[in-house]
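Q: Any chance you can model this:
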Amino acid sequence: MNAWIAFWNILRKDIKNYYLKPPNISWGIILPLSWTLMMFVRTPSPQAMDIRSLLPGLMAMSILFGTTSMLAVTITFERRGRSFDRLLLAPISMTTLVFAKISGAILFGAIIAFSPILFAAFIIDLSGINWGVAIASILLMAVTSTLLGLAIAVSAKEVFEAQTYSNFFRFPMLFLSGLFLPIERLPIFLQPISYCLPLTYGADMLNRAITQTGFMNVWLDSLILIAFSVLLFYYCQWNINRKRIF
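A: This is a model prediction of the structure:
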C-alpha cells in the first residue's frame, strides 16, 4: 500500500510540475503538432493526399518526441534540484521509483499520439482501423520510447544537454524505422540497423492497424517491443545505480 501511495504522489507531482515546462511544450507538443499540420496542409487539396498512410508515422513520431522530451525535462530538473534526496529517505524500492518516474511520460506520449488522429478525423473517414492493435502499439511504443529517453536523460545535467543527446537518436530513428520511407528502400547496409530499433516494430504495428500494410506478424512485433522494454528497464536501473542519480 505504501508503494502505491508513493507511486501516485510521485506521478501526480511530475504531472503538475513538468508537463507544461517550456522545453517540453516546444519539443514534446509543438513539434509533433506542427509536423502533423504540415503534412496535412502541404497540398492545396488535402483530400488528394493519402492521409491514412501518413498517420502511423505521425503517431509514432509524436510518441517518440513526447516521451523523450518529458523525461529530459523531468530527470534533469530533479537532478539539479536534488529532490531525489528526500525520496531516498522513503521506504520505497528503486523499481517503484523508476516506474513512477516513467509512468507520467508514458501517459503523456500516449495522449500526444492521438493528436494526428484528431486532426485526420476532420478530413477523412477513419473506419476500418483496428483500434485494439493501434492502442496496443501506442502503449508499447510509449513504454520503449520512455525508457530510451530515461537512458539518455540520466547522462545529462541540463535540459538542453538531454534534448541534444536525444536528437542524436530521435532524428535518425525517424528515417530508419520505416515511418515515412519503407525499410526496403533504404541502402542495404542501413537495413540491419532498422531492425535494431524498437520504433521499427511499433511503426509496423501501427501500419498493420491503420493501413493493413505491416510486413511482420503483430504478435512478433509485440513480443519484440516487450523484450526491448525489459532490456531497457534493467539497463536504466543499472545505469542509475552506477551513476548514483537516485
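Q: helices and strands of the protein: which one bottoms out on pLDDT?
A: Least confident element among the helices and strands of the chain, by mean pLDDT, DSSP states H and E: helix 84-88 (a mean of 57).
Q: sec struct for residue 179, please.
A: State at residue 179, reduced to three classes by DSSP: H, G, I helix; E, B strand; the rest coil: coil.
Q: I'd like to know which elements the helix or strand residue 98 falls within is packed against.
A: Applying DSSP states H and E as the criterion places residue 98 in helix 94-113. Counting contacts by 3 or more C-beta pairs under 8 Å, 6 or more residues apart in numbering; DSSP states H and E, helix 94-113 packs against helix 2-18, helix 51-81, helix 131-153, helix 218-243. (C-beta placed from N, C-alpha, C; glycine too.)
Q: how about those helices in JSON lines, adding mean neighbour count and mean pLDDT?
A: Shown next, in JSON lines, are the helices and strands packed on helix 94-113 (neighbours: other C-beta atoms under 10 Å; pLDDT from 0 to 100):
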{"stretch": "helix 2-18", "mean neighbour count": "15", "mean pLDDT": "73"}
{"stretch": "helix 51-81", "mean neighbour count": "25", "mean pLDDT": "79"}
{"stretch": "helix 131-153", "mean neighbour count": "24", "mean pLDDT": "89"}
{"stretch": "helix 218-243", "mean neighbour count": "16", "mean pLDDT": "86"}
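Q: between the ones you listed, which one is nearest to residue 31?
A: Proximity to residue 31 (C-beta to C-beta) singles out helix 51-81 among the helices and strands packed on helix 94-113, at 5.6 Å.
Q: before we move on, back to that, kindly present the helices and strands packed on helix 94-113 as CSV, with separate columns for distance to residue 170.
A: Shown next, in CSV, are the helices and strands packed on helix 94-113 (distance: least, C-beta to C-beta, whole Å):
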stretch, distance to residue 170
helix 2-18, 19
helix 51-81, 6
helix 131-153, 9
helix 218-243, 15
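Q: Residue 123 is nearest to which of the ones you listed?
A: helix 51-81 (5.9 Å).
Q: And the closest one, what does it pack against?
A: helix 2-18, helix 22-24, helix 31-40, helix 94-113, helix 115-121, helix 131-153, helix 159-176, helix 198-210.
Q: Adding distance to residue 54, write the ones you listed out as CSV.
A: Listed next are these as CSV, based on distance: least, C-beta to C-beta, whole Å:
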stretch, distance to residue 54
helix 2-18, 30
helix 22-24, 24
helix 31-40, 5
helix 94-113, 14
helix 115-121, 8
helix 131-153, 15
helix 159-176, 13
helix 198-210, 10
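Q: Residue 75: which of the ones you listed is closest?
A: helix 131-153 (3.9 Å).
Q: Keeping just the C-alphas, turn the closest one into CSV.
A: C-alpha atoms of helix 131-153 as CSV (Å, rounded to 0.1, in the frame of the first residue of the first chain):
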residue,chain,number,x,y,z
TRP,A,131,-8.2,0.1,-32.6
GLY,A,132,-7.1,-2.8,-30.4
VAL,A,133,-3.8,-3.2,-32.3
ALA,A,134,-3.4,0.6,-32.6
ILE,A,135,-3.8,1.2,-28.9
ALA,A,136,-1.5,-1.8,-28.0
SER,A,137,1.2,-0.4,-30.4
ILE,A,138,0.8,3.1,-28.9
LEU,A,139,1.3,1.8,-25.3
LEU,A,140,4.2,-0.4,-26.2
MET,A,141,6.0,2.4,-28.2
ALA,A,142,5.3,4.8,-25.4
VAL,A,143,7.0,2.4,-22.9
THR,A,144,10.1,1.7,-25.1
SER,A,145,10.5,5.4,-26.0
THR,A,146,10.1,6.5,-22.4
LEU,A,147,12.8,4.1,-21.3
LEU,A,148,15.1,5.1,-24.1
GLY,A,149,14.5,8.7,-23.0
LEU,A,150,15.3,7.8,-19.4
ALA,A,151,18.5,6.1,-20.5
ILE,A,152,19.6,9.3,-22.4
ALA,A,153,18.4,11.7,-19.7
